[in-house]
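S.K.: 3D model of this:
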Amino acid sequence: MRSGLLYVILFLLILATPSWAQEPDVPKETRNTLVYKFNIKENIAPAIWRQTKQAFEAADSLNADLMLIHMNTYGGTVLDADSIRTKILNSPIPVYVFIDNNAASAGALISVACDSIYMRPGGSIGAATVVNQTGQQMPDKYQSYMRSTMRATAEAHGGDTIISGQDTTFRWFRDPQIAEAMVDERVYIPGIIDTGKVLTFTPSEAMKYGFCEGIADNVPEVLELIGVSEYEIVEYKPTTLEKIIGFLVNPMVSGLLIMAILGGIYFEMQTPGIGFPLIIAITAAVAYFAPLYLEGLAANWEILLFVVGLILIALEIFVIPGFGVAGLLGILFSFTALVLSLINNVVFDFEGVHPDKILSALTTVIVALFGGFILSLVLGKRLFTANSGAFKNLSLHSIQDKNEGFVGVDTSSRSLVGKEGVAYTTLRPSGKVKIDGKLYDAVSGLGMIDRGDEIIVIRTESAQLYVEKKPDGQ
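M.R.: Okay, here's the model as predicted:
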């Protein structure tokens with residue numbers, strides 16, 4: 001048993017160990033230029049931020065000479081893009097990006113943060129306006145935050161002071177106003193962008209205005225433009241466990257897991273004992289909270305708050321009559337825990353949390369709970385009352401009609417009517433009688449009957465015997 005458990009632990013450790021951790025550390029003097037390659041070829045989300053941290057740790061562990069981000073994305077969440085941007089700006093290792101077709105929205109922010117930008121012919125960079133999940137532009141409060149972030153990112157690369165005669169001017173390596181124009185359609189830059197349009201650059205335009213250092217068809221051409229001729233590429237590859245975590249933290253999957261939790265609890269209450277629905281609910285809860293905990297979103301107290309909420313709901317249903325304070329608190333605790341676990345916030349200071357993140361968490365939980373409730377009612381009716389289907393044998397479909405002889409009481413006492421016996425105890429008016437050597441509960445139909453008197457059964461009602469004292473002389 002212990003050896004089997006040990007094998008399981010070793011297997012999980014192998015799954016969780018990234019490929020870069022298995023690479024030998026070779027001194028720089030005895031090797032070619034080590035290029036650490038990291039792919040961002042999907043929407044920017046918490047999983048990408050988590051993988052970015054691992055990639056930078058790997059590059060540092062391997063003593064890499066430079067890091068190359070291979071990008072093709074239409075954007076994603078601003079919060080995670082900002083975290084990646086900050087990581088790049090603070091990196092001691094030079095970070096380059098190769099835009100393979102698209103670096104839109106959050107992808108543009110990440111690209112501007114890199115030391116050098118290279119683009120594939122036909123690619124584009126820009127269109128960083130903040131939008132919601134339906135593609136509608138968010139209010140100016142959100143755009144203001146993104147404008148300042150894009151400006152600050154461009155300014156972080158500095159510029160040159162140009163002296164021409166008696167005139168001294170400062171030229172940015174990446175113009176902050178151009179970066180701002182990628183967000184705000186109201187920005188006007190003569191010869192570059194007119195008002196009413198959000199700025200997006202082609203490769204040649206980006207090179208002209210300082211937002212691209214070269215055009216290349218592939219990674220080897222990018223490295224050639226950088227000036228690296230002899231190199232070794234180590235590519236970040238997410239582990240199986242990392243892929244599973246990335247899948248589970250997807251908002252759509254999180255919503256489905258919440259529905260499974262609610263549905264499992266509902267069906268468990270419809271069936272006696274502890275069975276399969278409860279196992280489904282527990283599994284879904286673990287699958288919901290575990291990856292969020294590993295992502296650093298769900299704190300210990302948030303998970304505990306959810307468990308306490310479920311306990312209060314259970315007490316309200318099974319122990320406390322009616323529906324009162326315990327039930328309401330249980331619902332509030334559970335709902336709060338589900339929402340806060342999707343937000344990187346512990347101290348209830350929501351100023352550092354992007355409003356879009358809060359709205360997304362609330363929408364995910366509310367839609368999932370409502371959908372789970374409706375689905376539970378529909379499936380409950382189909383699974384437990386239908387005469388066909390995979391679960392038809394889990395419920396009773398026949399009707400025990402009284403006209404067909406089905407009754408809810410024992411009818412064997414009817415055969416005792418007219419039989420004689422003796423009072424085993426005094427009947428005042430109830431007691432026990434003995435008939436044919438068996439004891440029965442009985443009620444005196446007329447007056448008190450002393451112990452030892454002979455009795456006769458006169459009738460039965462609801463399995464209850466009614467007796468009278470046997471007249472003398474019979």
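
S.K.: low pLDDT regions in the protein?
M.R.: For the chain, the stretches flagged by pLDDT under 70 are 1-31, 133-134, 269-275, 295-297, 317-318, 321-323, 344-357, 376-377, 379-412, 473-474.

S.K.: which parts of it are helices?
M.R.: With DSSP state H as the criterion, the chain has helices at 2-16, 46-61, 78-89, 106-113, 140-155, 176-181, 203-208, 219-226, 240-248, 251-270, 276-294, 300-318, 325-340, 355-385.

S.K.: hmm, who's touching the fourth one?
M.R.: By Cβ atoms under 8 Å, 6 or more residues apart in numbering, the residues outside helix 106-113 that reach it are 40, 44, 69, 71, 73-78, 80-82, 84-85, 88-89, 95, 97, 99, 103, 117, 125-128, 146, 149-150, 153-154, 156, 174, 179, 182, 211. Quick note: C-beta positions are derived from backbone N, CA and C, even for glycine.

S.K.: follow-up on the earlier one: now the helices of the chain in JSON lines, with distance to residue 163 and mean neighbour count?
M.R.: Formatted as JSON lines, the helices of the chain follow (distance: least, Cβ to Cβ, whole Å; neighbours: other Cβ atoms under 10 Å):
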{"stretch": "helix 2-16", "distance to residue 163": "56", "mean neighbour count": "10"}
{"stretch": "helix 46-61", "distance to residue 163": "38", "mean neighbour count": "20"}
{"stretch": "helix 78-89", "distance to residue 163": "28", "mean neighbour count": "21"}
{"stretch": "helix 106-113", "distance to residue 163": "27", "mean neighbour count": "29"}
{"stretch": "helix 140-155", "distance to residue 163": "21", "mean neighbour count": "18"}
{"stretch": "helix 176-181", "distance to residue 163": "22", "mean neighbour count": "22"}
{"stretch": "helix 203-208", "distance to residue 163": "24", "mean neighbour count": "17"}
{"stretch": "helix 219-226", "distance to residue 163": "30", "mean neighbour count": "18"}
{"stretch": "helix 240-248", "distance to residue 163": "51", "mean neighbour count": "17"}
{"stretch": "helix 251-270", "distance to residue 163": "53", "mean neighbour count": "19"}
{"stretch": "helix 276-294", "distance to residue 163": "54", "mean neighbour count": "18"}
{"stretch": "helix 300-318", "distance to residue 163": "58", "mean neighbour count": "16"}
{"stretch": "helix 325-340", "distance to residue 163": "55", "mean neighbour count": "18"}
{"stretch": "helix 355-385", "distance to residue 163": "45", "mean neighbour count": "16"}
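
S.K.: go through these and name the closest to residue 449.
M.R.: Residue 449 lies closest, by Cβ to Cβ, to one member of the helices of the chain: helix 300-318, at 45.2 Å.

S.K.: and that closest one with helix 251-270, angle?
M.R.: If you take axes from the mean of the first three to the mean of the last three Cα atoms, to 10 degrees, helix 300-318 sits at 30 degrees to helix 251-270.

S.K.: please name every helix or strand in contact with helix 300-318.
M.R.: helix 276-294, helix 325-340 (3 or more Cβ pairs under 8 Å, 6 or more residues apart in numbering; DSSP states H and E).

S.K.: dump the longest one to PDB, keeping only the CA atoms.
M.R.: Included here for helix 276-294 are C-alpha records, laid out as PDB according to Å, rounded to 0.1, in the frame of the first residue of the first chain:
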ATOM      1  CA  PHE A 276     -22.600   9.100  -6.700                       C
ATOM      2  CA  PRO A 277     -24.000  12.700  -6.800                       C
ATOM      3  CA  LEU A 278     -22.100  13.800  -3.700                       C
ATOM      4  CA  ILE A 279     -18.900  12.300  -5.200                       C
ATOM      5  CA  ILE A 280     -19.500  14.400  -8.300                       C
ATOM      6  CA  ALA A 281     -20.100  17.600  -6.200                       C
ATOM      7  CA  ILE A 282     -16.900  17.000  -4.100                       C
ATOM      8  CA  THR A 283     -14.800  16.300  -7.200                       C
ATOM      9  CA  ALA A 284     -16.100  19.400  -9.000                       C
ATOM     10  CA  ALA A 285     -15.300  21.500  -5.900                       C
ATOM     11  CA  VAL A 286     -11.800  20.200  -5.800                       C
ATOM     12  CA  ALA A 287     -11.400  20.800  -9.500                       C
ATOM     13  CA  TYR A 288     -12.700  24.300  -9.100                       C
ATOM     14  CA  PHE A 289     -10.600  25.400  -6.100                       C
ATOM     15  CA  ALA A 290      -7.400  23.500  -6.500                       C
ATOM     16  CA  PRO A 291      -6.100  25.200  -9.700                       C
ATOM     17  CA  LEU A 292      -7.200  28.600  -8.400                       C
ATOM     18  CA  TYR A 293      -5.300  27.900  -5.300                       C
ATOM     19  CA  LEU A 294      -2.200  27.000  -7.300                       C
END
